[in-house]
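S.K.: Sequence and predicted model, in that order:
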Amino acid sequence: MNTANSNSPSASGTFYGLGVGPGDPELITLKAARLIKQCDVICYLCNDSDSDRPGRSQSKQIAQDVIDDRAYNAIEIAIPMPYKRDRTAANQAYDQGAEAIRAALRKGQTVVFLCEGDPLFFGSYAYLQERLCEEFTCIAIPGISSPNAASAVAGIPLTMQKENYAVLSGRLSDEKILSHLNEFDSLVLMKVGQSRSRLLNLLRHSGRLQEAVYIEYATREQQKVVYDVATLDGGDGPYFSLFIITRQQRNV
């Protein structure tokens, strides 16, 4: 496997997974910005044709100012992604995207993949890395993840002193989520979206409703922070939403 720890020389191009952060363009790291300006090919996921806004890319939108600042235009590889629970179509999209990236790497081109948040934290880059790492050098450039961004905008430390901490997908079973709510001092529940009503019920059932804060679109223009989650309605939340739960009573 040719990863960031590999120093073996290669005549082929290098594939970089760039974390562009949670949404605020000013949170892109200097290293990620430099690679965006210097690379040959810029790759990113975008909405597929069945979406309300086909072709739109969240990660590219975050990095657009850096892309516009390039001295010359880069080749772009857009990977249309169907956002469905069934992974069959998504895996096909990653297969097709990996083939396009592979062709560029075989020409010796440097390819960067723009990934919201951090590329190896619930990051789409990981699916491309596993398809390419046996042939090419793949390097992940870390970015600010959504729990860190949400913690900052809400003014709540994720964990302190001897607290234990867990990050969970909101799509886990009720049993697993309740078990972790009972075991861990601090938690982040990711991928709230369509599970928001169910997760609110689990927080209420575990007795931790008053310890939860809800954040949507951390650091973005449409950012929303709700400290009293009991006021949330029973509807769905957006994909970019999460709960932070901590046992500590903090003034925020």
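M.R.: Structure received.

S.K.: what about the strands in the stretch 51-200 of the chain?
M.R.: 75-81, 111-115, 137-141, 165-169, 186-190 (DSSP state E, counting those that start in this stretch).

S.K.: got the contact list for the longest one?
M.R.: Here strand 75-81 makes contact (CB atoms under 8 Å, 6 or more residues apart in numbering) with 40-49, 54-55, 57, 90, 93-94, 96-97, 100-101, 104, 109, 111, 124. To be clear about C-beta, it is placed using only N, CA and C from the backbone, and glycine gets the same treatment.

S.K.: Just the buried ones from these?
M.R.: Buried members of the contacts of strand 75-81, scored by 16 or more other CB atoms under 10 Å, are 40-48, 57, 90, 93-94, 97, 100-101, 104, 109, 111, 124.

S.K.: So what sits opposite the residue nearest to residue 224 when sequence neighbours are not counted in the bridge?
M.R.: Excluding the flanking residues, the one nearest residue 224 by CB to CB, 6 or more residues apart in numbering is residue 216, at 4.2 Å. Using DSSP bridges, the bridge partners assigned to residue 216 are residue 224, residue 241.

S.K.: cool, residue 47 as well?
M.R.: Here residue 47 sits in beta bridges with residue 81, going by DSSP bridges.

S.K.: next one: residue 14
M.R.: residue 137.

S.K.: oh, and call the first residue 209 from now on, that's how I've got it
M.R.: I'll keep to 209 as the first residue from here, and by that count the last item is residue 222.

S.K.: From residue 350, how far out is residue 240?
M.R.: 9 Å (CB to CB, to the nearest Å).

S.K.: more crowded one of those two?
M.R.: The residue with more neighbours, out of residue 240 and residue 350, is residue 240; 25 against 18, by other CB atoms under 10 Å.

S.K.: Can you tell me the SS state at that one?
M.R.: Look at residue 240: counting by DSSP: H, G, I helix; E, B strand; the rest coil, its state is helix.

S.K.: ok, now which ones touch it?
M.R.: 226-228, 271, 349, 351.

S.K.: What helices and strands are in contact with whichever helix in the chain runs longest?
M.R.: Selection of the longest helix in the chain by residue count, based on DSSP state H, yields helix 296-314. Under the contact criterion of 3 or more CB pairs under 8 Å, 6 or more residues apart in numbering; DSSP states H and E, helix 296-314 touches strand 222-227, strand 249-255, strand 283-289, strand 319-323, helix 333-340.

S.K.: Quick one: work out the angle between that helix and strand 345-349.
M.R.: Calculated by axes from the mean of the first three to the mean of the last three CA atoms, to 10 degrees, helix 296-314 forms an angle of 110 degrees with strand 345-349.
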